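Novice: just coords:
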Ligand SMILES: NC(=O)c1ccc[n+]([C@@H]2O[C@H](COP(=O)([O-])OP(=O)(O)OC[C@H]3O[C@@H](n4cnc5c(N)ncnc54)[C@H](OP(=O)(O)O)[C@@H]3O)[C@@H](O)[C@H]2O)c1
């Protein structure tokens, strides 16, 4: 029988690449996003069910999760949706701060809350896409980095809470990856292929984690390009 995954951020970038890999691994996917216009390879696949909604509509999210998981085993929760706003902290809008905290941290906490009983039943896996910013100081990205450090801390504690039930929890910490994440920044990924990751590199990490021997858990997985370079936008 196919395993079932719930994936946020499925419509673009890293989440989209991970979904393509999960389909190859024969998962059935409920993929959340607001705009799937650039994800036809996923949406044309009958094992991919798109759930087009704003994750910040908490009541609607809760109803969706309850209806998807009713009578069905859930094997994987992958929290990938995220937003980034950068710059001097006093220059961020309060709306941007709230959106980052809610999408990057509150939503994974809520989804874990709603699905943990199911994941215990299936001895399933939670994968949280944090960032290398979780483990460093982030001038011009203090709030973003704090949401990712929060997600890393949350993952560690949930693993300690749920490991005796067979639940595996992994935090994935990617370095700069070539996606649309930097749409709100005055910098972006380097074009040098040794100085940036591709979404497929993170999908490869996910496959590695999911195919690890069942007696072990990869609790944290950092992926970095060989070189460190950032490109300033003009
Ligand atoms: N790119 C990097 O360098 C990098 C490095 C480390 C970690 N990460 C993390 O990787 C994750 C994926 O980001 P990405 O780089 O792939 O960027 P991306 O292409 O901008 O993808 C972000 C995803 O989050 C979804 N999303 C954001 N807000 C949402 C909301 N309110 N409701 C529903 N969906 C929402 C987007 O869906 P819609 O567009 O359809 O709304 C999209 O699928 C994020 O958590 C990011 O922090 C990225």
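Specialist: Now that the structure is in, tell me what you want to look at. Everything quoted here is computed from the prediction, not taken from an experiment.
Novice: Tell me which stretches of the chain form helices.
Specialist: 13-24, 40-43, 58-69, 94-101, 107-122, 142-162, 199-210 (DSSP state H).
Novice: what sits up against the third one?
Specialist: Contact partners of helix 58-69, identified using CB atoms under 8 Å, 6 or more residues apart in numbering, comprise 6, 30, 32, 51, 53-55, 74, 107, 110-111, 114-115, 118. Using the backbone N, CA and C atoms, a C-beta is placed for each residue, glycine as well.
Novice: Spatially, which two of those are the most separated?
Specialist: Farthest pair in those (CB to CB) is 54 and 118. Separation: 23.2 Å.
Novice: So if I had to pick from these two, which one is more boxed in?
Specialist: Using other CB atoms under 10 Å, the more surrounded residue of residue 54 and residue 118 is residue 118, with 20 against 12.
Novice: Isn't the more buried one up against residue 112?
Specialist: No: here residue 118 does not reach residue 112: they are 10.7 Å apart, not a contact under CB atoms under 8 Å.
Novice: what residues are up against the residue positioned nearest the centre of the chain?
Specialist: Central residue of the chain (CA atoms, centre = their mean): residue 80, 1.5 Å from the mean position. Residues near residue 80 by CB under 8 Å, 6+ apart: 7-10, 14-15, 18, 129.
Novice: Within reach of the ligand, which of those are there?
Specialist: Contacts with the ligand are made by 9, 14-15, 129 out of the contacts of residue 80, judged by CB under 6 Å from any ligand atom.
Novice: Spell out which parts of the protein neighbour the ligand.
Specialist: Counting by CB under 6 Å from any ligand atom, the chain sits next to the ligand at 9, 11-15, 32-35, 54-56, 80-84, 103, 129, 131, 174, 176-177, 179-181.
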